[in-house]
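Visitor: Next one to model:
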Amino acid sequence: MLKPATIQVLHVAREGEEPVIICEALPKALAIGLSAFFKDAFPTSNQAHVSRRGSDGKAYVTICGGLRPAFSIIFKWMFDTREATVNANRNGKKPTARIEFLPFGKYIHILKAAEILDIAAIRIDLLDRMNRMTRKKVPIDIARMVYANFPVESEIRQLLIRRIGDAIYERRLHDWAAYLKFRDKCIEYKEDIYRYLDSKARAIAEARKLWNEEQRPDKLHREEATQKSRGEGKHHEAGDKPHVITKTISAQVVRKGKHGKPSYVTIPLQELGISNDEFSNRIGERKKVERRSAPAPAREDRLPSAKAAQVDVSSTKAEPAE
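Guide: Numbering: from 1, shown residues only. Predicted structure coming up:
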């Protein structure tokens, strides 16, 4: 029986350093099946490719960046995944292998290693855990670690920006003084937070404006409803223009204007095309509306009695001085 092919994994913290072996024999098929990084470093023989720097494409590969203990945890997860897959095939169940629960700071280094190796399963699992862990507060040490290891477009940094920005906006940020010092030292953090707070404030203002417009009745509809309730609705449609008629009438002057005061004239209603009955009906309806809208008069039993307010001087007797 042939032994499965394995690869040797080396690591350097930065370019120019001496590589250190972190995994002597990692199953090649396992690494290629779980990591896009290894799949790119070890392409199939019939696939045209250019060898990745630090890899011969057959037996070894060198990883640059990240912490060695974080990669060791990921390699352990790979072996656990293989074992879980074998057991699942026997029992007919879905394979389950997860990284053990660790402090938030260690998740940061493991997440960075998972991004280097391009392992989506670990990245999704850790981001979900970190999202739940930062729901109430984000310690300042965590913020420093994230800004020291991840660029602005990374998911973990965007998660931290949202958590801290929401806490600042809602005035519930823990360790406010430490974050003020960190803001003065880290320009990237300052720019990220100010940009997020500005966008959040504008989004809330737009949402509030939209809600008010939806809840507020249209002014034109409100005026039409008021006019209809008073019997003053227009007889023409909204889109029609009113028909204007010019008419010359004669009127009797009942009082001449003097010393800057206006003159008064009498115009018969028939001259305006209105009968006396129509005018009387309109006046009666207007008075009814005014009586309904007028405030109710105060009850007499609540007003002070005039007799009670008077003082009966005749019944007052002077007390003799002692």
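Visitor: Every contact and neighbour count from this point should use C-alpha atoms.
Guide: Fine.
Visitor: so what secondary structure elements neighbour the one helix or strand residue 188 maps to?
Guide: Assigned by DSSP states H and E, residue 188 falls within helix 187-215. With contacts taken as 3 or more Cα pairs under 8 Å, 6 or more residues apart in numbering; DSSP states H and E, helix 187-215 sits against helix 155-169, helix 176-185.
Visitor: Among those helices, which comes closest to residue 259?
Guide: Set against residue 259 and scored by Cα to Cα, the helices and strands packed on helix 187-215 come closest in helix 155-169, at 68.9 Å.
Visitor: can you give me how far the closest one is from the chain middle?
Guide: 12 Å (Cα atoms, centre = their mean, to the nearest Å).
Visitor: Please apply the same query to stretch 176-184.
Guide: Worked out by Cα atoms, centre = their mean, stretch 176-184 lies 25 Å from the chain centre.
Visitor: Repeat that for stretch 158-176.
Guide: Using Cα atoms, centre = their mean, the offset of stretch 158-176 from its chain centre is 14 Å.
Visitor: Which residues outside it are in contact with it?
Guide: With contacts defined as Cα atoms under 8 Å, 6 or more residues apart in numbering, stretch 158-176 is touched by 131, 134-135, 137-140, 143, 152, 192-193, 196-197.
Visitor: element containing the closest residue to residue 104 other than its chain neighbours?
Guide: The spatially closest residue to residue 104, leaving aside those adjacent along the chain, is residue 130, at 6.8 Å (Cα to Cα, 6 or more residues apart in numbering). Using DSSP H and E, residue 130 sits within helix 120-133.
Visitor: could you check the angle helix 155-169 makes with the following helix or strand past that helix?
Guide: Counting by DSSP H and E, the element after helix 120-133 in chain order, helix or strand, is helix 140-149. For helix 140-149 against helix 155-169, the angle by axes from the mean of the first three to the mean of the last three Cα atoms, to 10 degrees is 140 degrees.
Visitor: Now tell me what touches helix 140-149 from outside.
Guide: For helix 140-149, using Cα under 8 Å, 6+ apart, the contacting residues are 104, 105, 108, 112, 156, 157, 160, 175, 178, 179, 189.
Visitor: got those residues as TSV, with neighbour count and distance to residue 61 columns?
Guide: Shown next, in TSV, are these (neighbours: other Cα atoms under 10 Å; distance: Cα to Cα, whole Å):
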residue	neighbour count	distance to residue 61
104	17	29
105	14	27
108	21	24
112	22	18
156	22	27
157	19	29
160	22	33
175	12	44
178	12	42
179	20	41
189	20	35
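Visitor: quick one on the thing from earlier: quick one: closest of the helices and strands packed on helix 187-215 to residue 246.
Guide: Residue 246 lies closest, by Cα to Cα, to one member of the helices and strands packed on helix 187-215: helix 155-169, at 64.8 Å.
Visitor: buried sites along the closest one?
Guide: Within helix 155-169, the residues that qualify as buried are 156, 157, 160, 161, 162, 163, 164, 165, 166, 167, counting by 16 or more other Cα atoms under 10 Å.
Visitor: can you check stretch 132-140 too?
Guide: Under the neighbour-count criterion of 16+ other Cα under 10 Å, stretch 132-140 has 134, 138 buried.
Visitor: in the chain, which ranges drop under the pLDDT threshold?
Guide: Of all residues in the chain, those with pLDDT under 70 make up the ranges 1-2, 45-52, 89, 91-95, 215-245, 247, 271-273, 279, 289, 292-322.
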